[in-house]
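here are the coordinates; sequence isn't available:
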């Protein structure tokens, strides 16, 4: 292959990873424009959208790297830095601003920043842990972000927030990211039903929750993922 084409090929995954990071930064910006209207969306809703966009780019960069055989150490580090922005900092500031908007705006809102610290620890552990090639140990940081989008959706649905309970949930979910609990990876080696029963159940369950509950269904989908992983932990390998 021509050196120029080879360089372009190797740059594709990293370019997509950068789109992940940019989406995360845009999500952060809109989290501080919480109740401002932008067309049919509020600022916090655009935060949801750009965190989800970052998750899509996070999936695509790994997929493209495998297809193009363009995996690299730089790509691995860039992916972690982007994930920390999009799935650590962005949801933390979404929660920070949610607690200010729906709660009293007390010092408890700063507990949300624990998500950033534990997210960084989660990514550092993942990058140095050879066990996590076919499954996860601890809650993946993108799942952490999706959970917070769902919980924020639930709070907006019921217009109620207990800040002390919320702080406890923040600490618990953050701990899950660095825990030693085995959790399923949704990466398919093949699409045979017999080899991926649990993965198909997780996907069907997640779609069902979102169809029935809307945005808040994302929270229930992640709780379902955690519950199934803990229940079936002996079959995770």
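Ah, there it is. A quick note: this is a predicted structure, and the numbers were derived from the prediction, not measured.

And for stretch 223-235, what's in contact with it?
Counting contacts by C-beta atoms under 8 Å, 6 or more residues apart in numbering, the residues outside stretch 223-235 that touch it are 139, 143, 147, 176, 181-184, 198, 201-202, 205-206, 209, 236. (Each C-beta comes from the backbone N, C-alpha and C, glycine too.)

Quick one: mean pLDDT over that stretch.
Per-region confidence: stretch 223-235 scores 85 on mean pLDDT.

which of the residues in it are buried?
Of the residues in stretch 223-235, those buried under the neighbour-count criterion (16 or more other C-beta atoms under 10 Å) are 224, 225, 226, 228, 229.

nearest to residue 29, of those?
Lowest distance from residue 29 to the buried residues of stretch 223-235 (C-beta to C-beta) belongs to residue 225, with 28.9 Å.

thinking again about what came up before, could I get the buried residues of stretch 223-235 as JSON lines with secondary structure and distance to residue 88?
Putting the buried residues of stretch 223-235 into JSON lines (DSSP: H, G, I helix; E, B strand; the rest coil; distance: C-beta to C-beta, whole Å) gives the following:
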{"residue": "224", "secondary structure": "helix", "distance to residue 88": "23"}
{"residue": "225", "secondary structure": "helix", "distance to residue 88": "19"}
{"residue": "226", "secondary structure": "helix", "distance to residue 88": "18"}
{"residue": "228", "secondary structure": "helix", "distance to residue 88": "24"}
{"residue": "229", "secondary structure": "helix", "distance to residue 88": "21"}
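
which among the residues you listed gets closest to residue 171?
When those are compared for distance to residue 171 (C-beta to C-beta), residue 226 wins out at 15.4 Å.

Could you report the distance from the closest one to residue 65?
Residue 226 sits 28 Å away from residue 65, going by C-beta to C-beta, to the nearest Å.

Out of the contacts of stretch 223-235, grab the one that's most surrounded.
residue 139 (25 neighbours; other C-beta atoms under 10 Å).

Run through the strands of the chain in chain order.
For the chain, the strands defined by DSSP state E occupy 37-38, 41-42, 135-137, 182-184.

closest to residue 83 out of the ones you listed?
With C-beta to C-beta, the closest approach to residue 83 among those belongs to strand 135-137: 13.1 Å.

roughly how far is the closest one from the heart of the chain?
On the basis of C-alpha atoms, centre = their mean, to the nearest Å, strand 135-137 is displaced by 14 Å from the centre of the chain it belongs to.

Mind giving me the packing neighbours of that strand?
Strand 135-137 sits against strand 182-184, with contacts defined as 3 or more C-beta pairs under 8 Å, 6 or more residues apart in numbering; DSSP states H and E.

Please list the residues outside the strand it packs on that contact it.
Judged by C-beta under 8 Å, 6+ apart, the contacts made with strand 182-184 from elsewhere in the structure are 135-140, 198-199, 202, 225-226, 228-229, 232-233, 236.

I'd like the average pLDDT over it.
89.

and it, which strands flank it?
Under the criterion DSSP bridges, strand 182-184 sits next to strand 135-137 (antiparallel) in its sheet.

Could you list which of the contacts of stretch 223-235 belong to helices?
Judged by DSSP state H, the contacts of stretch 223-235 include 143, 147, 176, 198, 201, 202, 205, 206, 209 as members of helices.
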